[in-house]
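My questions are about this predicted structure, shown below with the sequence.
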Amino acid sequence: MIQDLPPQLPDVVVTAARLPPAAGDAAFSVIRLDPDRLDRATRLDEALATVPAVSLFRRTSSLAANPTTQGISLRSIAPSGAGRTLVTLDGVPLNDPFGGWVIWSQVAPESLSGLDIIRGAGAGPYGAGALTGVIQLRERDQSGGALDLSGGEYGGQRLAAATTLSAGRFALTGTVQRELSDGYVPVRGPAAGAVDTPLDLATLSGALRADVALDDATALSLRASAWEEDRGSGLAGARSSASGQSYAATLARTPSAGRIGWRAQVWRRESDFANTSVAVAAGRATTTPANDQFATPAEGWGANVALRRVAVAVGGGRLEWELGADARFNEGETRELFRFMAGAFTRDRVAGGETSVIGAYGEGSWTRGPWLVAGGLRLDGWENADGRRLERDRATGLATLDETDPDRSGEVVSARLAARRDLGGGFAGRAAAYSGFRPATLNELHRPFRVGNDLTEANAGLVPETLQGVEGGLAWDGEASTVGVTVFWNRIEDAIVNVTIGAGPGTFPRAGFVPAGGVLRQRQNAGTIEATGIEATATHRIGDRLSFDAALSLTDAEVDGGTSAAQLTGLRPAQAPEWAVSAGAEWRATDRLGLIVRVRHEGDRFEDDLNSRVLEAATTVDGRAEYTIRDGVLVYLAADNLFDAEVAVSETGDGVEGYGPPRTVRAGLSLRW
């Protein structure tokens, strides 16, 4: 049999299945981190922290932070352990299905081609969780690879590698990251006792993505990843661990003139978390087990679809619109042992439930001459269901607390509208208004927790917190310099806050005994938070050898606790600094030698909702020297917290402070091909 051979297929560039950034995003407050900033970071959240007011719940990075404090927030409106920012990787949420936080060790900076930070509440394609904005990560899809190998003080060791291999219409991208650290002791000086131990760490993560170009505009991507980490909590007998895996399938067609683009995506995430906590005796001489959260199995899954069209608008100009829908479902529970007496835990607890959000949106932008106008409208339905909390006496098996929470549901409408105009001479002005919402996580709804002698109760009655905001900005882009200034006003209603409701020593309903020096808090929808702020950025280059960048954030945030938490009225939200400043300089001393220095200053912040525990202002300086051996091969020497500043990150009820990392020197080898 003789068959006609098909004509030779044209060369196709294989990329990940994704829609390109929307044209309308340029009308909002967007910060793009370049590959150099990512390449020099050992952890993704540390790269993000170079942007003022972008931080985890506490000052310390994920190198030492408990997973429950790794939630990230944009702007210093009201940081939260669950995070008030949605983080996505090529459209798939990375926020934990149980707690909302992000396990940052699951993503190696080497695996990314870039990221965008969009500040302000997210409507349109971002949906639930983007209360203060969204961080969009883009995974690498260009042929080549990167390898980073380093070692340093406190037993620090790190290996990270990422590469993309292409063959015809197929491409395979793989990433692996391994990090070890003996850690540092967070409590220092005379306050430290025998119970204070290092924050050791061991992480391992990996991802694999297969891309297939079905034609010159359509691609299919299949991705799988897994991660695990184990870490000390700084106290004898207290540790935590986290693990999980995720799977995603994406089919996308790039839009062009006369052709509708689209994306269809399904994903699933599974996670687990374990955490032991202890009570600390006077003088910090001994600890006693207080809680053993031995498992927190959780699952999250979802799907999203989008249609996008680019066309010539009536009257000229460029019109881009997008219609879409998405759904997210989470379920999980905490399994714990507690009430340690006579050398054993006497009670056990199972608590958890389900949450879901289903929404649809329309988004569009119009560009003509110097004008860009963009906006969107979104409708979401949320539900908290099957909430339960069962506590039993381990000796008798009888229930000491058996609660079934009523299902709750509702609808939220959110929107955004912005306009940007080029003013000539390199100047551009913009203005925006927006709203958004964040439903409570399963962690906030159902899991009580303990840190040292401080206890925090869950609250199954929480409703979503919402945000409304307006902002305006002016930017100038010159030949060698850029300057940008943004002024904003935001208001969070039904803010989810940990509210102090009692002090130890004493026994309280549901919570049990609170030791001396400890407090009892409960998560509550505590009134409103208003924040007015200004953000500014600037860059300047002197020839090809020297460049500078600087940024600042000034935020005046205040709580109005209303009738439910009147004691908070007039106070600043916990963990919200008023000032944050970042600056850096890079000098190419020779063709082979580069020197980089970065300075970060943050004003004081309060440890607690009552503003009774002050974490003083702190300034840190990081330095790095790079020497290029040949193209794609360099060695480096880096010093974090070069002048060994004491950065307070926590304070107990009896005044014992915990600190961030001391000066840490590391050396490494970096390969790019």
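Thanks, I have the structure now.

Okay, and the closest residue to residue 164 other than its chain neighbours sits in which element?
Nearest residue to residue 164, sequence neighbours excluded (Cβ to Cβ, 6 or more residues apart in numbering): residue 173, at 4.5 Å. Every C-beta, even on glycine, is put in place using the N, C-alpha and C of the backbone. Element membership of residue 173, judged by DSSP states H and E, is strand 170-181.

by contact count, what packs against that strand?
strand 156-167, strand 201-213 (3 or more Cβ pairs under 8 Å, 6 or more residues apart in numbering; DSSP states H and E).

Can you tell me which of those is packed in deepest?
Neighbour counts (mean count of other Cβ atoms under 10 Å) averaged over each of the helices and strands packed on strand 170-181 peak at strand 201-213, with a mean of 20.

Spell out which strands sit alongside the helix or strand following it in the sheet and which way each one runs.
Going down the chain from strand 201-213, the next helix or strand is strand 218-232, by DSSP H and E. Strand 218-232 has the following strand partners under DSSP bridges: strand 201-213 (antiparallel), strand 239-253 (antiparallel).

Switch those over to JSON lines; also include mean pLDDT and distance to residue 475.
Converted to JSON lines, the strands paired with strand 218-232 look like this (pLDDT from 0 to 100; distance: least, Cβ to Cβ, whole Å):
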{"stretch": "strand 201-213", "mean pLDDT": "97", "distance to residue 475": "35"}
{"stretch": "strand 239-253", "mean pLDDT": "97", "distance to residue 475": "31"}
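
how about the ones you listed in JSON lines, adding distance to residue 161?
JSON lines is the format used below for the strands paired with strand 218-232 (distance: least, Cβ to Cβ, whole Å):
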{"stretch": "strand 201-213", "distance to residue 161": "10"}
{"stretch": "strand 239-253", "distance to residue 161": "19"}
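
Relative to residue 451, which of the ones you listed is closest?
Evaluated over those, closeness to residue 451 peaks at strand 239-253, with 11.2 Å, by Cβ to Cβ.

low-confidence ranges in the protein?
Scanning the chain for pLDDT under 70 picks out 1-13, 123, 314.

so what strands line up beside the strand holding residue 173?
When DSSP bridges is applied, strand 170-181 pairs with strand 156-167 (antiparallel), strand 201-213 (antiparallel).

which phi and psi does the residue most central in space within the chain have?
With distances taken as Cα atoms, centre = their mean, the residue of the chain nearest its centroid is residue 72 (3.6 Å). Note on residue 72: its backbone torsions stand at phi -110, psi 150 [degrees, to the nearest 10].

Verify the contact between it and residue 58 for me.
No. Between residue 72 and residue 58 there is no contact under Cβ atoms under 8 Å: 11.3 Å.

I figured residue 337 was touching residue 292, is that so?
Yes. Using Cβ under 8 Å, residue 337 is in contact with residue 292, at 4.2 Å.

tell me, what's touching these two both at once?
residue 345 (Cβ atoms under 8 Å, 6 or more residues apart in numbering).

residue contacts, residue 469?
Residue 469 neighbours (Cβ under 8 Å, 6+ apart): 120-121, 433-435, 488-491.

Give me the distance between the residue nearest to residue 547 when sequence neighbours are not counted and residue 588.
When the adjacent residues along the chain are set aside, residue 547 lies closest to residue 541, with 4.6 Å between them (Cβ to Cβ, 6+ apart). The spacing between residue 541 and residue 588, counted by Cβ to Cβ, to the nearest Å, is 11 Å.
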